[in-house]
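Peer 1: From the sequence below, what's the structure:
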Amino acid sequence: MNDFLNQPISWKNQSVRQAVAVGLLVILLLLIFWSFFSLFMERQQEVQHLENILSRYERAIKMEPVLQQRLSHMKKPAKGDNLFLSGENEALAGAALQDNFKAIVEMAHGTVERSQNLGGQAEGNFQKITVRSQLVLSINSLQKILYAMESGKPYIFIENLEIKNASNQKNTQGDLLKVVVDFYGYRHMGARP
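Peer 2: Now for the predicted structure:
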C-alpha cells in the first residue's frame, strides 16, 4: 500500500483519469443540484409570501360587509345626538345656527349687533352652513362664548375671528371688544334630525 501512495500520479494511467472524471462529474452534478435546489427554495419562499398576501386579501374581502356597514352608520346621523344643525333646508339650518349662537352670546352677557347667513356648501353627505356675526362684548364674555362653542352641541366651528377695541366716546370703559366672527356648523343632507 505504501508503494501505491509513493508512486507518482500519471495522467497516462487509465484509472486516474477515470477517477478525476468521475470526481469532476460529481462536482458538476452537485453544482447543478445546488443551483436547482436554491432556485426551488427561492420559489418556495416566493409562493409562501404570495400565499400570505392572498390570505390577507381574503380576510380583507371577508371584512368588507362589516366595514361597509360601519361606514354607512358613520354617514348617517345618529338620532338624538344633536351633533348636526337641525333644519329641513339650508335657510332653516342657517337660522337655527344663528339662534343657537345668539343664545350662547346672550348667556355670556354679550350683544349680537348683526348676523348674516353666508350660505351653504356641500361636503360629501353634509352641508356646511356658515354665518358671520358682529358682537360687542367683554374679553371674559368672549372666553365664555368660545368655550361654549367648543364644548357644546351642535358642533360649531370658528373659521375667522377679528377682534378690535370697541371704545368710543360713549364707551369710556375701554374694556369692550368689537368682534367679527365667521362660524359654521354641518347639516346632514336629506336628514331631518
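
Peer 1: How far off centre is stretch 147-167?
Peer 2: Averaging C-alpha positions (C-alpha atoms, centre = their mean, to the nearest Å) puts stretch 147-167 26 Å from its chain's average.

Peer 1: show me where the chain has helices.
Peer 2: 2-6, 14-75, 90-107, 139-151 (DSSP state H).

Peer 1: Serialize the ones you listed to TSV and add fields for mean neighbour count, distance to Arg114 and mean pLDDT.
Peer 2: Quick note: C-beta positions are derived from backbone N, CA and C, even for glycine. Listed next are the helices of the chain as TSV, based on neighbours: other C-beta atoms under 10 Å; distance: least, C-beta to C-beta, whole Å; pLDDT from 0 to 100:
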stretch	mean neighbour count	distance to Arg114	mean pLDDT
helix 2-6	6	116	57
helix 14-75	10	35	87
helix 90-107	18	11	87
helix 139-151	15	16	87
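
Peer 1: how about these in a markdown table, adding distance to Gly120?
Peer 2: Output for the helices of the chain, formatted as a markdown table (distance: least, C-beta to C-beta, whole Å):
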| stretch | distance to Gly120 |
| --- | --- |
| helix 2-6 | 103 |
| helix 14-75 | 18 |
| helix 90-107 | 4 |
| helix 139-151 | 19 |
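
Peer 1: what domains does the record give for the chain?
Peer 2: 1-75, 90-188 (automatic domain parsing).

Peer 1: Now tabulate those domains in TSV and tack on distance to Asn82.
Peer 2: Below are those laid out as TSV (distance: least, C-beta to C-beta, whole Å):
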stretch	distance to Asn82
domain 1-75	17
domain 90-188	4
